[in-house]
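Novice: One predicted model, sequence on top.
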Amino acid sequence: MKTLINSPLFGVLAALLAALCWSIAVIIFKSASRFLSPLLIVILKNSIAIFCFIVLFFIFEIPFWIPALETLDYYKIIISGILGMGLADLLFIRALSQIGANRVAIVNCFEPGVVYIFSILMLGSFLTPGQLFGFMIVVVALLIISYERDGAEIDSTVKRRGVLTQVFAVVLSSFGIVLIKPVLSKLNTSIASQLWVTFFRLFPGFVFTWLIFIFQKNKYQLLAPLKNKRACIKIIIGSGLGTFVALSFWIIGYANIQKPPVASILGQTSVLFIIVLSYFFLNEKISKTKLGAMGVAILGVLCIVFN
């Protein structure tokens, strides 16, 4: 059992579960963004996730501090948390409210490429020819699906601003992902240590967004929409699935997958899950183009996994 948990296959399964949970959360966050500001959504989701982690740590007696790491490792986790769980999340939710899930998904399709570039520059990590071929297949499939779904009309200025916002979010998130890979490689001996990294990375993002909120002049106006109980329930559910569960699975998967671009590509399969979930819960039809693209994407994932 221990061998399975510390294996690449377990990492793949964890990454795919993270993508599924995150896809559900994205739909929920998009719905909540009609009532709540991006800053408030990020603060709430991070705060709820922090609470869940603290409860989990007490129940399973997971230590709140791991002294085995070097000082530089802690700085890497903190920087990764501020960029990925703080600033990048703020930009992501803002872009989501501006241009919708479809266009955000289009930009997100390029995250594996950005991770790949940072991996080369920072880690010297290259994909095999088979994995690179699979990477190209997945990106093409996700682009086809995202463009095929996109039919909403948005003001061109708002659209450009939203796309640029999400591009910055992808760059910051990708940098943070690659930055902590060496740290995760040191702590891939147990799920407990991987969950600790998840918590410790989330905490700086939590503090960062609260500091922004404290210095907001209209902070009380931002809190006014919390009277909407339906929106609050959505945030609680989305935070549990998207920030606590999905983030935990993602870190576990990332720690057990040797190459960062592979983990990033598997994470982008959330777009496929969103298509399926929208069919069952939003009554959106799945066209032949989407079905074909989903098949191509699955083929790409198989190329990545078995090379």
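Specialist: Nice, thanks for sending it over.
Novice: going forward, measure contacts and count neighbours with C-alpha atoms only.
Specialist: Fine.
Novice: Would you confirm that residue 144 contacts residue 293?
Specialist: Yes - between residue 144 and residue 293 there is a contact under C-alpha atoms under 8 Å: 6.6 Å.
Novice: Of these two, which one has the most company?
Specialist: Legend: neighbour count by other C-alpha atoms under 10 Å for residue 144 and residue 293, higher for residue 293 (21 against 17).
Novice: Apart from its neighbours in sequence, what residue is nearest the more buried one?
Specialist: Of all residues not flanking residue 293 in the chain, residue 141 sits nearest, at 4.8 Å (C-alpha to C-alpha, 6 or more residues apart in numbering).
Novice: how many neighbours does residue 52 have?
Specialist: Neighbours around residue 52, by other C-alpha under 10 Å: 17.
Novice: now it, nearest residue through space, not along the chain?
Specialist: Nearest residue to residue 52, sequence neighbours excluded (C-alpha to C-alpha, 6+ apart): residue 244, at 7.0 Å.
Novice: What separation do you get for the residue at the greatest distance from the centre of the chain and residue 46?
Specialist: Relative to the mean C-alpha coordinate of the chain, counting by C-alpha atoms, centre = their mean, the farthest residue is residue 217 (29.8 Å). Going from residue 217 to residue 46 by C-alpha to C-alpha, to the nearest Å gives 21 Å.
Novice: can you check residue 107 too?
Specialist: Using C-alpha to C-alpha, one obtains 23 Å as the distance from residue 107 to residue 46.
Novice: And for residue 215?
Specialist: 18 Å.
Novice: okay, these two: which has more neighbours?
Specialist: residue 46 (28 against 9).
Novice: What are the buried residues along the helix or strand containing residue 232?
Specialist: Applying DSSP states H and E as the criterion places residue 232 in helix 229-238. Across helix 229-238, burial judged by 16 or more other C-alpha atoms under 10 Å covers 231-232, 234-238.
Novice: For residue 53, which non-adjacent residue is closest in space?
Specialist: residue 199 (6.5 Å).
Novice: neighbours around the one you found, how many?
Specialist: By other C-alpha under 10 Å, the residues close to residue 199 number 23.
Novice: Could you do residue 107 as well?
Specialist: Residue 107 is flanked by 18 other residues according to other C-alpha under 10 Å.
Novice: Hmm, it is touching residue 163, no?
Specialist: Yes - in terms of C-alpha under 8 Å, residue 107 counts as a neighbour of residue 163; the distance is 7.1 Å.
Novice: thinking again about what came up before, show me what the helix holding residue 232 is packed against.
Specialist: Secondary structure elements in contact with helix 229-238, counted by 3 or more C-alpha pairs under 8 Å, 6 or more residues apart in numbering; DSSP states H and E, are helix 8-32, helix 38-59.
Novice: Check the offset of it from the chain's centre.
Specialist: Relative to its chain's centre, helix 229-238 lies at 19 Å (C-alpha atoms, centre = their mean, to the nearest Å).
Novice: which regions of the stretch 51-200 of the chain sit below the pLDDT cut-off?
Specialist: Residue ranges of the stretch 51-200 of the chain with pLDDT under 70: 102, 106, 142, 145-156, 188-189.
Novice: and with 80 instead?
Specialist: 66-68, 99-114, 116-117, 125-128, 131, 134-135, 138-160, 185, 187-191, 194 (pLDDT under 80).
Novice: What ranges does it have for its helices?
Specialist: Taking DSSP state H, counting those that start in this stretch, the helices of the stretch 51-200 of the chain run over residues 71-80, 88-108, 111-123, 129-149, 156-179, 181-186, 191-214.
Novice: Out of these, which gets nearest to residue 248?
Specialist: With C-alpha to C-alpha, the closest approach to residue 248 among these belongs to helix 191-214: 6.1 Å.
Novice: Name the residues that touch the helix or strand following that closest one?
Specialist: The element immediately downstream of helix 191-214 (helix or strand, assigned by DSSP H and E) is helix 219-223. Helix 219-223 is contacted by residues 36-37, 40, 213 when judged by C-alpha atoms under 8 Å, 6 or more residues apart in numbering.
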